[in-house]
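1. Dropping a prediction and its sequence here:
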Amino acid sequence: MEQALVGMDAAEIGQLLERVCGGVPSFRARQVYEAVYRRRVSGAEEISTLPRELRERLAGALPFGLPETERCYESADGTKRYLLKLADGKSVETVLMPEDGRYTFCISSQVGCPVNCRFCLTALLGLERNLTAGEIAGQVLHVAAVNGLSAETSKLNVVMMGQGEPLLNLENVLKAARLLVDPKGVGLSERRLTLSTSGIIPKMMELGGSPLRPKLAISLNASTEEQRRELMPVTRKYHLNDLMEACRVYPLRAWERLTFEYVLLKGVNDTDADARRVVKLVANLKCKVNLIALNPGVGIPFETPGAARVDAFQRIVRRAVPCFVRKPRGLDIHAACGQLKRMAEENPLPILR
Ligand code: SAH
Ligand code: SF4
């Protein structure tokens, strides 16, 4: 992807100014950084702290690089789903979920996803490309700006659980994380940033070695090796046993615990026996389990279990570790987990913007 201003860290902005303007004092780089990440301007022309000439040179030198809203859908429960347009015309999805004065941004790390989970609509897109660090952080910048949100005035959470497998784009994901938590910029709390993986084991180790990193969530989704291979073919390469071993040795910070996500599929992985096997898998880990009853979709060959089954499953797991049922957000606008697949033009949903 072409270089853009959004996505550059302070040092890169300094080098850029040196290259395009030459000899400008170093505080100019700080002003640009502040405008992009703290004030969240939407173009170089808006960096009012810079002299006009510098603004114009900057705007002419490279694209700004923020995504634009192509569509926005709003759910009856307040969830907003954004289809965001990138510089090359491709699009990704970002979901904003308000709850009790907190806001959670569910952002994408890739356009589409190369991991072929059989219950997930995003899988049907395949991988189109990785997102740049600017495009990952830019989703938060843009959606926060259009909703008037900032980390100074609201509790903001970011979960990398939209389109894509974040650990297959780790370098850009980590750079985006650094930009998002920098107190001189967006100022998000590191504890409010989470990444979810289908279990790319070698990359989990790399993530664990990074000094600044999102919290780790693992999509478990099965209670045996065979079942997981069936539902998540990535398990053929990264076996369930090895995944659980990687979880055991994962370097958690004092305040951190692992999250396991488990999508319940009716009659497939939702029995009491499954729940007991999940307990065995996670019992000695510092962790919690989030259950998600399948969000259905056209082309997904599974059904959603009833509330009583979900309850029974939760009761068994809860005996060993904290276990929660994630309520679906934005189902009416297809914004819930696993439903992020760009909608066709003929889509019947009302378009807000
Ligand atoms: N690729 C990463 C992150 C994005 S998916 C991962 O797989 O972890 C985010 C979560 O949505 C995962 O836990 C995944 O198992 C879950 N999910 C996928 N399809 C779903 C569906 N149809 N219904 C409910 N959850 C789903
Ligand atoms: Fe990709 Fe996650 Fe969907 Fe699997 S569940 S296809 S890893 S986005």
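-> The structure has been received and is ready for your questions. Residues are numbered from 1 along each chain as shown. Ligands and ions are numbered 1, 2, ... in the order given.
2. only C-alpha atoms for contact and neighbour calcs from this point on.
-> OK.
3. quick one: average pLDDT of stretch 172-180?
-> Stretch 172-180 carries an average pLDDT of 98.
4. Can you give the distance from that stretch to the centre of its chain?
-> Put simply, stretch 172-180 sits 11 Å off its chain's centre (C-alpha atoms, centre = their mean, to the nearest Å).
5. repeat for stretch 42-62
-> The chain centroid and the centroid of stretch 42-62 are separated by 30 Å, computed with C-alpha atoms, centre = their mean.
6. Contacts for that stretch, please.
-> 3-5, 17, 20-21, 28, 31-32, 35-36, 41, 64, 66 (C-alpha atoms under 8 Å, 6 or more residues apart in numbering).
7. ok, residue 63 - how many residues close by?
-> 16 (other C-alpha atoms under 10 Å).
8. Nearest spatial neighbour of it, chain-adjacent residues omitted?
-> residue 4 (5.0 Å; C-alpha to C-alpha, 6 or more residues apart in numbering).
9. Please determine how far that neighbour is located from ligand 2.
-> Residue 4 is 26 Å from ligand 2, where distance means C-alpha to the nearest ligand atom, to the nearest Å.
10. Local confidence estimate at that residue?
-> pLDDT for residue 4: 96.
11. Next: residue 23.
-> 82.
12. a helix runs through it, doesn't it?
-> No: checked against DSSP: H, G, I helix; E, B strand; the rest coil, residue 23 lies outside a helix; its state is coil.
13. ok so, going back, give me the number of residues near the residue nearest to residue 63?
-> So residue 4, with other C-alpha under 10 Å, has 17 neighbours.
14. Can you report phi and psi for it?
-> Main-chain dihedrals, residue 4, degrees, to the nearest 10: phi -140, psi 160.
15. List the contacts of it.
-> Counting by C-alpha under 8 Å, 6+ apart, residue 4 makes contact with 62, 63, 64, 65, 134.
16. Please, which helix or strand holds the nearest residue to residue 119 once chain neighbours are set aside?
-> Leaving out its chain neighbours, the residue that sits closest to residue 119 by C-alpha to C-alpha, 6+ apart is residue 300, at 5.6 Å. Under the criterion DSSP states H and E, no helix or strand holds residue 300.
17. How about the longest strand seen in the chain and ligand 1, touching?
-> Longest strand in the chain by number of residues (criterion: DSSP state E): strand 91-99. No: if you take C-alpha under 6 Å from any ligand atom as the test, strand 91-99 misses ligand 1, and the best it gets is 11.6 Å.
18. Just the CA atoms of that strand, as CSV, please.
-> C-alpha atoms of strand 91-99 as CSV (Å, rounded to 0.1, in the frame of the first residue of the first chain):
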residue,chain,number,x,y,z
SER,A,91,-13.7,-1.8,2.2
VAL,A,92,-13.7,-3.2,5.7
GLU,A,93,-16.1,-3.2,8.5
THR,A,94,-16.0,-1.7,12.0
VAL,A,95,-18.6,-2.0,14.6
LEU,A,96,-19.2,0.4,17.5
MET,A,97,-21.1,-0.9,20.5
PRO,A,98,-22.2,1.5,23.2
GLU,A,99,-23.0,0.0,26.6
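19. Quick check: residues of the stretch 151-300 of the chain near ligand 2?
-> Counting by C-alpha under 6 Å from any ligand atom, the residues of the stretch 151-300 of the chain that sit close to ligand 2 are 163, 164, 165, 198.
20. Go again with 8 Å.
-> By the rule C-alpha under 8 Å from any ligand atom, the part of the stretch 151-300 of the chain lying against ligand 2 is 161, 162, 163, 164, 165, 196, 197, 198, 219, 232.
21. Residue 33 is in contact with residue 11, isn't it?
-> No: Residue 33 is not in contact with residue 11 according to C-alpha atoms under 8 Å; the separation is 9.6 Å.
22. what about those two, which has more around it?
-> Applying other C-alpha under 10 Å to residue 33 and residue 11 shows that residue 33 carries more neighbours, namely 25 against 11.
23. And for that one, nearest residue in space, chain neighbours not counted?
-> residue 10 (6.1 Å).
24. what's the neighbour count on the one you found?
-> Neighbours of residue 10 under the rule other C-alpha under 10 Å: 18.
25. Pull up the gap between it and residue 151, please.
-> 20 Å (C-alpha to C-alpha, to the nearest Å).
26. try residue 37
-> 11 Å.
27. Contact residues of the stretch 1-150 of the chain facing ligand 1?
-> Counting by C-alpha under 8 Å from any ligand atom, the stretch 1-150 of the chain comes close to ligand 1 at 108, 113, 115, 117, 119, 120, 121, 122.
28. I figured the fourth one hits residue 233, correct?
-> Read that as residue 117. Yes: checked against C-alpha under 8 Å, the pair residue 117 and residue 233 is within contact range at 6.6 Å.
29. Just the terminal-to-terminal distance for stretch 159-171.
-> 17 Å.
30. Show me the helices in the stretch 51-200 of the chain, by range?
-> Using DSSP state H, counting those that start in this stretch, the helices of the stretch 51-200 of the chain run over residues 52-61, 133-146, 170-181.
31. and these as JSON lines, adding distance to residue 279?
-> Formatted as JSON lines, those follow (distance: least, C-alpha to C-alpha, whole Å):
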{"stretch": "helix 52-61", "distance to residue 279": "55"}
{"stretch": "helix 133-146", "distance to residue 279": "34"}
{"stretch": "helix 170-181", "distance to residue 279": "30"}
